[in-house]
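Trainee: prediction below, plus the sequence it came from.
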Amino acid sequence: MQITLHLNGATHDLDLDPRTTLLDALRHHLGMTGTKKGCDHGQCGACTVLMGGRRINACLTLACMAQDAQITTIEGLGSPERLSPLQQQFLDHDGFQCGYCTPGQICSATAMLEEMEAGWPSHASENLDGPFELSHAEIAERMSGNLCRCAAYANIVAAIQQAAGTTDHREDAA
Amino acid sequence: MREFTYHRAASIADLSPDATIIAGGTNLLDLMKLEVMAPPALVDITHLDLGGVEPEGEGLRIGALVRNSDLAAHPVIRRDYPVLSRALLAGASGQLRNMATTGGNLMQRTRCPYFYDRRMACNKRDPGAGCAAIGGVTRNHAILGASDHCIATYPGDMAVALMALDAVVEIDGPTPRRVPLADFHLLPGDTPHLETVLEPGEIITAVILPAPPGGQHRYRKVRDRASYAFALVSVAAVIATDGGRISHAALAFGGVATKPWRDPEVEALLKGSEPSDALFREAADILLRPARDWGENQFKIPLLRRALIATLRDATGMETAA
């Protein structure tokens, strides 16, 4: 079927089997391999992308259902010449070992910080109405959908805390 | 994944009894990848006008397409129905809560590993095939509401809180109707493949909450890891006290039963009584009277007892939250 995807500010027309997940459309049909396939069942978070600005698992989304939505992947958050604040902080804090989960971690953290700014509570929040501090417990809870099998968690938490000191978490993808 | 046709619904009239509804897709697509489910036709309802949280009478009408994350963060839910916010936030991950919908969450399937593994006998997946869980690895299985045909737990959190809030499910179809959530999910009996009262051609359009119950709201979830895990045991509690006695008690339980579990006898015992450890132990005795273990899940019996007593102590001010 004919599907139009809006990805990182560009528009792509694709002819896809309805079974194609957004993740496979990105990787196999658009050559955007920054988004990773880990478990392919929504358990690891390696495939995290932003859809309409919100973090989702691309492996559990059909490409045809993403039609008309604005998709942002790690490639749209920054570039090697112009890193997003979170990309820079992951480098500065060594927030990875093998790096396979990193694009998902950064996409997830980008949206997570915006959720914090919007005042969304979490399971770790003592009070549902805040105030919400970017504590280790809050980050661990809010990022629990992103696994790192190298267990670089300590540095991932530090990178997120550092990046949160900035106001704009992503480069303008439009 | 088996082949299917995809259609984006423009109106509820577009729905066909032959097409399987997809919204968030987080559970359905997972099951389709494993070919545990193989619907020949999908109808995508995410562009229908089924969102929004609006006042209805003294309560609320929650649209079926309201995402779990939006519902958990909704100011009125946080203020008047905090047990629901807490239950939603205790479930899944940030990504999945952004995808999962209110209606879809009610329709999620069990995570019984024998249901997920097509090489294993499962009466839910293949009626009459038998149940490989019975006599198998039963650590996560039900101690309440099971039958000799199925011992799979209802896995969710949201519905457990909704049970304690006396929620009602609004259904559209040939004959629009409203069904109390307590009657929406079915016990397995000898038909474990039938999980809800929803008929082909029907769709959940909203969940209705009655007036805010007040009182203390708790959602206590016990699981194998601190986050992003299904409940071994969960307790949703709405408890009010007046003049040293319990004036309102609504309790629902997850992770332990084949459907979101509620026991009117437990609540009847508590109402009008003074909070005490002896009372709470008696409440646990009543709750667990029909409990039956299948070997490895025996631990859920003392765990549920302790979780209930701890929640009641907390909600009645006998003990601060752990």
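Mentor: Cool, got the structure.

Trainee: CA atoms for contacts and neighbours, from now on please.
Mentor: Fine.

Trainee: what's the spacing between B:M99 and A:A58?
Mentor: Look at B:M99 and A:A58: by CA to CA, to the nearest Å, they are 10 Å apart.

Trainee: neighbour count: those two, which is higher?
Mentor: A:A58 (31 against 24; other CA atoms under 10 Å in any protein chain shown).

Trainee: pull the contacting residues for the more buried one.
Mentor: For A:A58, the contact set (CA atoms under 8 Å, 6 or more residues apart in numbering or on different chains) comprises A:21-23, A:47-49.

Trainee: filter these down to the ones near chain B?
Mentor: Within the set of the contacts of A:A58, contact with chain B (CA under 8 Å from any CA of the partner chain) is found for A:T48.

Trainee: which of the contacts of A:A58 lies closest to chain B?
Mentor: Taking CA to the nearest CA as the measure, chain B lies nearest A:T48 of those, at 7.5 Å.

Trainee: show me what the closest one bridges to in the sheet.
Mentor: Note on A:T48: beta-bridge partners A:N57, judged by DSSP bridges.

Trainee: measure the closest residue to B:L279 other than its chain neighbours to B:D242 for me?
Mentor: Residue nearest to B:L279 in three dimensions, not counting chain neighbours: B:L270, with 7.4 Å by CA to CA, 6 or more residues apart in numbering or on different chains. B:L270 sits 13 Å away from B:D242, going by CA to CA.

Trainee: what about the two, which has more around it?
Mentor: Between B:L270 and B:D242, B:L270 has the larger neighbour count (other CA under 10 Å), namely 23 against 11.

Trainee: any weak-confidence spans in chain A?
Mentor: A:166-174 (pLDDT under 70).

Trainee: neighbouring contacts of the lengthiest helix in it?
Mentor: Longest helix in chain A by number of residues (criterion: DSSP state H): helix A:102-117. Under the contact criterion CA under 8 Å, 6+ apart, helix A:102-117 has outside partners A:34-36, A:45-50, A:53-55, A:73-74, A:77, A:86-87, A:95-96, A:132, A:142-143, A:146, A:160, A:164, A:169-170, B:94-95.

Trainee: and stretch B:153-160, by the same measure?
Mentor: In contact with stretch B:153-160 (CA under 8 Å, 6+ apart) are residues B:84, B:87-88, B:90-91, B:105-106, B:108-112, B:140-142, B:230-231, B:234-236, B:252-261.

Trainee: related to what we said a few turns ago, can you flag which of the contacts of helix A:102-117 belong to strands?
Mentor: Among the contacts of helix A:102-117, the members found in strands (DSSP state E) are A:48-50, A:54-55.

Trainee: max pairwise distance over the residues you listed: which two?
Mentor: Of all pairs drawn from these, the greatest distance, 9.8 Å, lies between A:T48 and A:R54 (CA to CA).

Trainee: who touches both of these two?
Mentor: B:Q95.

Trainee: tell me which of the two has more neighbours.
Mentor: More neighbours surround A:T48 than the other of A:T48 and A:R54, with 33 against 22 (other CA under 10 Å).

Trainee: what's near enough to touch that one?
Mentor: By CA under 8 Å, 6+ apart, A:T48 lies in contact with A:35, A:55-58, A:103-105, A:107-108, B:95.

Trainee: with distance to A:G119 added, can I get those in JSON lines?
Mentor: Output for the contacts of A:T48, formatted as JSON lines (distance: CA to CA, whole Å):
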{"residue": "A:T35", "distance to A:G119": "28"}
{"residue": "A:R55", "distance to A:G119": "16"}
{"residue": "A:I56", "distance to A:G119": "19"}
{"residue": "A:N57", "distance to A:G119": "22"}
{"residue": "A:A58", "distance to A:G119": "25"}
{"residue": "A:P103", "distance to A:G119": "25"}
{"residue": "A:G104", "distance to A:G119": "22"}
{"residue": "A:Q105", "distance to A:G119": "21"}
{"residue": "A:C107", "distance to A:G119": "19"}
{"residue": "A:S108", "distance to A:G119": "17"}
{"residue": "B:Q95", "distance to A:G119": "17"}
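
Trainee: return the member of those residues nearest to B:L287.
Mentor: Of all the contacts of A:T48, B:Q95 has the smallest distance to B:L287: 34.9 Å, by CA to CA.

Trainee: my read: that closest one touches A:R55, true?
Mentor: Yes - if you go by CA atoms under 8 Å, B:Q95 and A:R55 touch, sitting 5.3 Å apart.

Trainee: near B:W294, how many other residues are there?
Mentor: Neighbours of B:W294 (other CA under 10 Å): 18.

Trainee: which residue sits closest to it, ignoring its sequence neighbours?
Mentor: B:T138 (6.4 Å).

Trainee: get me the contact residues on chain A for chain B.
Mentor: Near chain B, when you scan chain A using CA under 8 Å from any CA, you find A:18-19, A:41-42, A:45, A:48, A:54-57, A:60-61, A:65, A:108, A:112, A:119-123, A:128-129, A:141-145.

Trainee: report the buried members of those.
Mentor: A:18-19, A:41-42, A:45, A:48, A:54-57, A:60-61, A:65, A:108, A:112, A:120-123, A:128, A:141-145 (16 or more other CA atoms under 10 Å in any protein chain shown).

Trainee: so which of the residues you listed sit within helices?
Mentor: A:108, A:112, A:141-142.

Trainee: most centrally placed residue in chain A?
Mentor: Chain A has A:C107 as the residue nearest its centroid, 2.0 Å off, counting by CA atoms, centre = their mean.

Trainee: element containing B:H217?
Mentor: Applying DSSP states H and E as the criterion places B:H217 in strand B:216-222.

Trainee: now what about that strand, what contacts it?
Mentor: With CA under 8 Å, 6+ apart as the criterion, strand B:216-222 contacts B:81-83, B:86-87, B:90, B:161, B:231-240, B:307, B:311, B:315-316.

Trainee: swap the cut-off to 6 Å and go again
Mentor: Applying CA atoms under 6 Å, 6 or more residues apart in numbering or on different chains, the contact partners of strand B:216-222 are B:83, B:86-87, B:231-240, B:315.

Trainee: can you list the strands that it pairs with?
Mentor: strand B:233-242 (antiparallel).

Trainee: quick one: buried residues of the strand it pairs with?
Mentor: For strand B:233-242, using 16+ other CA under 10 Å, the buried residues are B:233-241.

Trainee: ditto for stretch B:49-61
Mentor: B:50-53, B:59-61.

Trainee: averaged pLDDT, it. What do you get?
Mentor: Per-residue pLDDT values across stretch B:49-61 average out to 98.

Trainee: tell me the span between the first and last residue of that stretch.
Mentor: First-to-last distance for stretch B:49-61 - CA to CA - comes to 14 Å.

Trainee: tell me the buried residues in stretch A:99-116?
Mentor: Going by neighbour count (16+ other CA under 10 Å), the buried part of stretch A:99-116 is A:100-116.
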